[in-house]
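Asker: here's a sequence, model it:
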Amino acid sequence: MRSLFSIALVLLVVLMITVEASMEKKEKGKEPKADVECSEWQYGKCVPNSGDCGAGIREATCNEQTKKTKCKVPCNWKKDFGADCKYKFGRWAECDTTTGTRSRSGILKKALFNAECQTTIKVSKPCTPKTPKPKGGEKKKGKGKEN
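Answerer: Numbers count the residues shown, from 1 in each chain. Below is the predicted model of the structure:
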């Protein structure tokens, strides 16, 4: 009975030593959080990794600290004013026949990452010719029984 107790005690000590060693390794790998010390981060624009849109990197600085975060530049008409400026848009205006475009304006709703945004913005797109779609006139060929 004494030998069983001794073995259990030795195993318990070995287990405690290995757990403590692994905890020290985890703490060594972690860097202290710099965000706690700094409250006024200044964010730069999102710079795409390649081309003029897509995934990219945004650099932020505070005092002597610098950090890089992942970001995304939209690849559609929104890239003109960036993904950091959020607008509430009204309805599209009627087609202007002289220019062949229709437009709408938006009011700034939110500026992310301290971005410099215009308070109002106007966007336009080409007019599309309206082609009426047939409603139930044609039946599509599909799976199923035919008469």
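
Asker: look at residue 104 and report its pLDDT.
Answerer: Turning to residue 104, the model gives it a pLDDT of 94.

Asker: count the residues that sit near it.
Answerer: 15 (other Cβ atoms under 10 Å). Where C-beta positions appear, they are placed from N, C-alpha and C, glycine not excepted.

Asker: that one contacts residue 90, doesn't it?
Answerer: Yes - using Cβ atoms under 8 Å, residue 104 is in contact with residue 90, at 5.4 Å.

Asker: which stretches of the chain have low pLDDT?
Answerer: 23-36, 79, 130-147 (pLDDT under 70).

Asker: again, only using 80
Answerer: In the predicted model, the chain carries pLDDT under 80 at residues 1, 5, 9, 11-16, 18-38, 76-82, 129-147.

Asker: what residues go with each domain of it?
Answerer: As assigned by the TED database, the chain contains the domains 38-74, 77-130.

Asker: can you add distance to residue 4 and give these back as JSON lines?
Answerer: Listed next are the domains of the chain as JSON lines, based on distance: least, Cβ to Cβ, whole Å:
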{"stretch": "domain 38-74", "distance to residue 4": "55"}
{"stretch": "domain 77-130", "distance to residue 4": "63"}
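
Asker: identify whichever of these lies nearest to residue 11.
Answerer: Of all these, domain 38-74 sits nearest to residue 11, with 44.7 Å by Cβ to Cβ.

Asker: ok, and for that closest one, which residues are buried?
Answerer: Across domain 38-74, burial judged by 16 or more other Cβ atoms under 10 Å covers 38, 41, 43, 46, 48, 53, 56, 58, 60, 62, 71, 73.

Asker: endpoints of it, how far apart?
Answerer: Domain 38-74 stretches 29 Å from its first residue to its last (Cα to Cα, to the nearest Å).

Asker: and it, how far out from the chain middle?
Answerer: Here the centre of domain 38-74 is set off from its chain's centre by 12 Å, with Cα atoms, centre = their mean, to the nearest Å.

Asker: longest strand in the protein, please.
Answerer: strand 101-111 (DSSP state E).

Asker: export only the CA atoms of it, formatted as PDB.
Answerer: Presented in PDB, the C-alpha positions along strand 101-111 are these (Å, rounded to 0.1, in the frame of the first residue of the first chain):
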ATOM      1  CA  THR A 101     -26.800  58.700 -66.300                       C
ATOM      2  CA  ARG A 102     -28.900  58.700 -63.100                       C
ATOM      3  CA  SER A 103     -27.600  59.800 -59.700                       C
ATOM      4  CA  ARG A 104     -28.400  59.800 -56.000                       C
ATOM      5  CA  SER A 105     -26.900  61.500 -53.000                       C
ATOM      6  CA  GLY A 106     -25.900  60.200 -49.600                       C
ATOM      7  CA  ILE A 107     -25.400  61.700 -46.200                       C
ATOM      8  CA  LEU A 108     -22.600  60.600 -44.000                       C
ATOM      9  CA  LYS A 109     -23.800  58.200 -41.400                       C
ATOM     10  CA  LYS A 110     -20.600  57.000 -39.800                       C
ATOM     11  CA  ALA A 111     -16.800  57.500 -40.300                       C
END
